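1. structure for this input, please:
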Amino acid sequence: MVQKKAHEVDDFLAHPSRIYPVILIYGTDNGLVSERANLFARKTGINIEDPFSTIRLDATDIDHDTARLEDEARTFSLFDGGRLIWIRNAGTQKGFANAVKWLLQKPPEQTFILIEAGGLKKGVALRNVVEQAANAIALPCYSDDARSIDHLIDDVLSKFDLRISLDARDMLHKNLGADRMASRGELEKLCFYAKGKNIIRIEDVSEIISDVSTTSQDEIIDAIISGNVSTLNNNFDRQQSSRTSLFIILHAVQHQFQKLQEFRFIMDTENKSASAIVSSARPQIFFRRQKLVEHALLCWNAERLARAMERLYTVMLESRKNTELAPAIVRQNLIALAVEAARARR
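-> Numbers count the residues shown, from 1 in each chain. Predicted coordinates for the structure are as follows:
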């Protein structure tokens, strides 16, 4: 049985071993699962941008065609360095678990099988298969504790060459930790805001967090995910007139799309309806927005949501580099997201 404790995962990821060709990264912190999967993929030395070297699959597809995993794993690489089969959205699929079990009886020598999954309870087939195999390893990911949050703060701030006061750090502790990706995004937003300063103080943290007008942000977000370009433009103009920070707007939109990703993952892996997910969401979604979020979940599939998140991260960087053009850059890209939503609703 090979399973790392939560605090041992980072050490293993720093030095991947071919002793374990099958790696399962799972947990309730979807952002941390994604971050660690990307770290592992880069550490393998395999070109993750080359479609011949890195094959990206969905666990649901393999669940319906169990032979596909075996076929992909036995395909030889055209280049030195081996291959990576990167599988997302794994969960309770029995067919997929059986495919992994069959593969582990004679695992490939030059191929890594990287599996991303959500929270897997003890006894779930996939987790049992991996934990009981001598040539596979399970890496759990849970919400950050105080020590992990400190490490994350230091990691992000070091990339921006920034320091932080003790009281500002304490305030961050109260607002971070539920999801690694969201926490990292919050810290990067803060660093962009404080760029040019030597040290981040509590006033910076307080301003960037408290400067959000929830009602106005919801109107912009709802216009984007529902595909209402006219409403989006009107509310964006209103935000600009009130001199609301573009970073605040972008962060609010990012946060909504992260939640949609989380909800969509549950839809795809646990076969729950959009209405069931929205009604049971915590914190609770305001009742007037529930139907809109339900419709958004039906229109925005996992692939569209991934593209949207990539676009938003790029916009955050580009708007910071080009401050004079930032309002136009942000508006144009938010409109592009709204247009995509409108097309998906047809």
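
2. ok, and for stretch 331-346, which residues are buried?
-> 331, 333, 334, 335, 337, 338, 340, 341, 344 (16 or more other CB atoms under 10 Å). Where you see a C-beta, it was placed from the backbone N, CA and C, and this is true even at glycine.

3. next one: stretch 235-251
-> Buried residues in stretch 235-251, defined by neighbour count with 16+ other CB under 10 Å: 235, 236, 239, 244, 245, 246, 247, 248, 249, 250, 251.

4. please work out the average pLDDT along that stretch.
-> Averaging pLDDT along stretch 235-251 gives 79.

5. which residues touch that stretch?
-> Residues from elsewhere that reach stretch 235-251, judged by CB atoms under 8 Å, 6 or more residues apart in numbering: 185-186, 189, 192-193, 208, 211-213, 216-217, 219-220, 223, 312, 315-316, 319, 326-327, 330-331, 334.

6. now do the buried residues in stretch 100-109.
-> Within stretch 100-109, the residues that qualify as buried by neighbour count (16+ other CB under 10 Å) are 100, 101, 103, 104, 107, 108.

7. now stretch 311-320
-> Neighbour counts using 16+ other CB under 10 Å place 311, 312, 315, 316, 319, 320 of stretch 311-320 among the buried residues.

8. please, which helix or strand holds the fourth one?
-> Assigned by DSSP states H and E, residue 316 falls within helix 302-321.

9. roughly how far out does that helix sit from the chain middle?
-> The chain centre lies 12 Å from the centre of helix 302-321; the measure is CA atoms, centre = their mean, to the nearest Å.

10. all the strands of the stretch 51-200 of the chain, residue numbers only.
-> 54-58, 83-90, 111-117, 136-141, 163-164, 199-200 (DSSP state E, counting those that start in this stretch).

11. hmm, back to that, what is the helix holding residue 316 packed up against?
-> Other helices and strands packing on helix 302-321, by 3 or more CB pairs under 8 Å, 6 or more residues apart in numbering; DSSP states H and E, are helix 180-194, helix 246-270, helix 326-344.

12. so which bits of the lowest-mean-pLDDT helix or strand in the chain are buried?
-> The helix or strand of the chain with the poorest confidence is helix 202-210; it has a mean of 74 (mean pLDDT, DSSP states H and E). Applying a neighbour-count criterion of 16+ other CB under 10 Å, one finds 202, 204, 205, 208, 209 buried in helix 202-210.

13. and the residues you listed as CSV, adding distance to residue 35?
-> Conversion of the buried residues of helix 202-210 to CSV gives the following (distance: CB to CB, whole Å):
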residue, distance to residue 35
202, 27
204, 25
205, 22
208, 22
209, 22
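
14. of all the helices and strands packed on helix 302-321, which lies closest to residue 227?
-> Nearest of the helices and strands packed on helix 302-321 to residue 227, taken as CB to CB: helix 326-344 at 3.0 Å.

15. and which of the buried residues of helix 202-210 is nearest residue 94?
-> residue 209 (43.9 Å).

16. got the angle for the one helix or strand residue 39 maps to vs strand 136-141?
-> Using DSSP H and E, residue 39 maps to helix 30-43. Put simply, helix 30-43 runs at 140 degrees to strand 136-141, going by axes from the mean of the first three to the mean of the last three CA atoms, to 10 degrees.

17. which parts of helix 30-43 are buried?
-> Here helix 30-43 shows 30, 31, 32, 33, 34, 35, 36, 37, 40, 41 as buried, counting by 16+ other CB under 10 Å.

18. same check, this time on stretch 162-172
-> Within stretch 162-172, the residues that qualify as buried by neighbour count (16+ other CB under 10 Å) are 162, 164, 168, 169, 171, 172.

19. low-confidence regions, the stretch 151-300 of the chain specifically.
-> Residues of the stretch 151-300 of the chain that meet the criterion pLDDT under 70 lie in 178-179, 209-216, 242-243, 283.

20. how is this structure divided into domains?
-> 6-141, 146-210, 214-344 (automatic domain parsing).

21. circling back: what's the angle from the helix holding residue 39 to strand 54-58?
-> Following the same axes, to 10 degrees, one obtains 150 degrees for the angle between helix 30-43 and strand 54-58.
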